[in-house]
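> Generate a structure from the sequence data that follows.
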Amino acid sequence: MLATRMKTLIILTTLSLSLSTLLNGQGINKAYVDKWVKTADNSFAIDSVKRYYINEHCLTSFDTLDLSSKLKEILPNEIVRVSFSEMNMCGYEPGRGFVSIISIHQQPQEKINEQMEYVKELFVGNDNFLVKYLLNSAKLPTLYIDRVVVPRSRINSVLNELDPNNLLLVDFCPFPISTNLYPFPMSNKLPRQNERNGVVQIWKKK
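Numbering: from 1, shown residues only. Okay, here's the model as predicted:
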């Protein structure tokens, strides 16, 4: 299905990767992202990637200054996820595949409302057809709120209590998490069997 064809791996920021070249408070750079991707999948041809999406803003590796400037604005602990694929999103893109970086930022309210409706369809509405279509599985993604996992038994009530106007970011990626990069120290106890079916991350306004 889609997750298998895309061969996309999702990596979360709190993983203990050997990327000590960056100092605290210093923004990331392309070398940081490339090394992260290589750590996740050494077979991925990162040098062939020309298209980078940073918080859905599209840049190419040819836009050296703009790409560097956008990445420098992101601190390592602000990254929500890094995803990548060998497939281009359209036939007109340069190079092969893309890398997408999502960091903690204020999403437009319209986007948050749209994402929350989608998330509720998955969890509260129990839309099995949607889950199976996206994930090729009846299992649901793992839900995190501010990097803390929400137990399956509490997901419905927690989602119903959330006020979309008090949210900063809602991110859902249906692709599996790279199993060779466990553990995820986002909370003390995680139902890791579901993380292969993707992750939903919700961030509240402070």
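> domain assignment for the protein?
According to automatic domain parsing, the chain comprises the domains 2-103, 109-204.
> and Arg147, how far is that from Lys70?
Here the criterion is CB to CB, to the nearest Å. By it, Arg147 lies 23 Å from Lys70. Bear in mind the C-beta positions are built from the backbone N, C-alpha and C, glycine included.
> which one of those two has more residues nearby?
Between Arg147 and Lys70, counted using other CB atoms under 10 Å, the more crowded position is Lys70 (19 against 16).
> Look at that one and report its pLDDT.
You'll see Lys70 listed with a pLDDT of 93.
> just the helices in this structure please.
Secondary structure of the chain (DSSP state H): helices at 2-6, 30-40, 64-72, 109-123, 128-135, 155-161.
> of all those helices, which lies closest to Glu86?
helix 2-6 (8.1 Å; CB to CB).
> By average pLDDT, which secondary structure element in the chain comes out worst?
helix 2-6 (a mean of 45; mean pLDDT, DSSP states H and E).
> hang on, the earlier thing: name the stretch among the helices of the chain that sits most buried.
helix 30-40 (a mean of 17; mean count of other CB atoms under 10 Å).
> Would you mind pulling up the elements that that helix packs against?
Judged by 3 or more CB pairs under 8 Å, 6 or more residues apart in numbering; DSSP states H and E, the packing partners of helix 30-40 are strand 9-11, helix 64-72, strand 79-85, strand 98-103.
> quick one: the longest one to helix 30-40, angle?
Pointing back at helix 64-72 there. Interaxial angle of helix 64-72 relative to helix 30-40 (axes from the mean of the first three to the mean of the last three CA atoms, to 10 degrees): 70 degrees.
> what sits up against helix 64-72?
Contact with helix 64-72 is made by 27-30, 32-33, 52, 54, 57, 59-61, 101, as judged by CB atoms under 8 Å, 6 or more residues apart in numbering.
> can you pull the contacts of the residue nearest to Tyr144 when sequence neighbours are not counted?
Distances taken as CB to CB, 6 or more residues apart in numbering place Gln201 nearest to Tyr144, at 4.9 Å, with adjacent residues excluded. Shown here is Gln201, whose contacts under the criterion CB under 8 Å, 6+ apart are Val80, Arg81, Tyr144, Ile145, Arg147, Leu169, Val170, Asp171, Phe172.
> mind redoing it with 7 Å?
For Gln201, the contact set (CB atoms under 7 Å, 6 or more residues apart in numbering) comprises Val80, Tyr144, Asp171.
> Closest to Leu162 out of those?
Tyr144 (12.9 Å).
> burial count for the closest one?
Tyr144: 22 neighbours (other CB under 10 Å).
> Might you list the low-confidence residue ranges for the chain?
Low-confidence segments of the chain, defined by pLDDT under 70: 1-25, 89-94, 126-139, 174-196.
> Thought Gly198 was touching Val119, still the case?
No: applying CB atoms under 7 Å, one finds Val119 not in contact with Gly198, separated by 11.2 Å.
> shared neighbours of those two, anything?
Shared contacts of Val119 and Gly198, defined by CB under 7 Å, 6+ apart, are absent.
> returning to what we had before: could I get the helices of the chain as a markdown table with distance to Asp47?
Compiled in a markdown table, the helices of the chain are given as follows (distance: least, CB to CB, whole Å):
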| stretch | distance to Asp47 |
| --- | --- |
| helix 2-6 | 20 |
| helix 30-40 | 8 |
| helix 64-72 | 15 |
| helix 109-123 | 32 |
| helix 128-135 | 30 |
| helix 155-161 | 40 |
